[in-house]
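Here is the input, now give the coordinates:
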Amino acid sequence: MDCEHTRRMKERHHTMPTTADRQDLRRLVELIPASTVGTAAGFLEGLIEEPAILESLAAAPVDDESDDDDSDGGLTTAREEAAKGDTVPHHEVKRRLRIS
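Sure thing, here's the model as predicted:
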């Protein structure tokens, strides 16, 4: 990845995009491998829709439900086990599920 490009984009993040910014973006789009074009398109669509998503989240009610095993499906227990180091490594999960 072009580090100079990334640095320039970060510096200009809070300003209005220039023609050069858009040209840089088009150049990067052309470099996207064919196998990931769909993923990239979804990501870009998400950026376009972000304001609506943020507005929806801001308008959502506060989650005031209790956080215990009866209501969270075991999440509390899982967090406690993880805090104690009682976990299964990723490679072991993949082996057990026969995922390469």
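
use CA for all of it now, contacts and neighbours both
OK.

got the domain boundaries for the chain?
Following automatic domain parsing, one gets these domains for the chain: 3-59, 68-100.

I'd like those written out as TSV, with mean pLDDT added.
Converted to TSV, those look like this (pLDDT from 0 to 100):
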stretch	mean pLDDT
domain 3-59	79
domain 68-100	86
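
Quick one: these as CSV, columns for mean neighbour count too.
Listed next are these as CSV, based on neighbours: other CA atoms under 10 Å:
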stretch, mean neighbour count
domain 3-59, 11
domain 68-100, 11
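
For residue 72, see how far away residue 63 is.
Distance, residue 63 to residue 72, using CA to CA, to the nearest Å: 12 Å.

no no, residue 53
Residue 53 is 25 Å from residue 72, where distance means CA to CA.

now residue 80
Taken as CA to CA, the span from residue 80 to residue 72 is 13 Å.

And for residue 40?
Counting by CA to CA - residue 40 and residue 72 are separated by 33 Å.

Kindly report the same for residue 100.
Counting by CA to CA - residue 100 and residue 72 are separated by 31 Å.

same thing with residue 24?
Taken as CA to CA, the span from residue 24 to residue 72 is 45 Å.

Quick check: which element contains the residue most central in space within the chain?
Nearest to the geometric centre of the chain sits residue 43, at 9.1 Å (CA atoms, centre = their mean). Using DSSP states H and E, the element containing residue 43 is helix 37-59.

ok, now residue 76?
Assigned by DSSP H and E, residue 76 belongs to helix 75-83.

Please name every helix or strand in contact with that helix.
Contact here means 3 or more CA pairs under 8 Å, 6 or more residues apart in numbering; DSSP states H and E; on that basis helix 75-83 packs against helix 69-72.

chain center to the helix holding residue 43: distance?
Computed by CA atoms, centre = their mean, to the nearest Å, the chain-centroid distance of helix 37-59 equals 11 Å.
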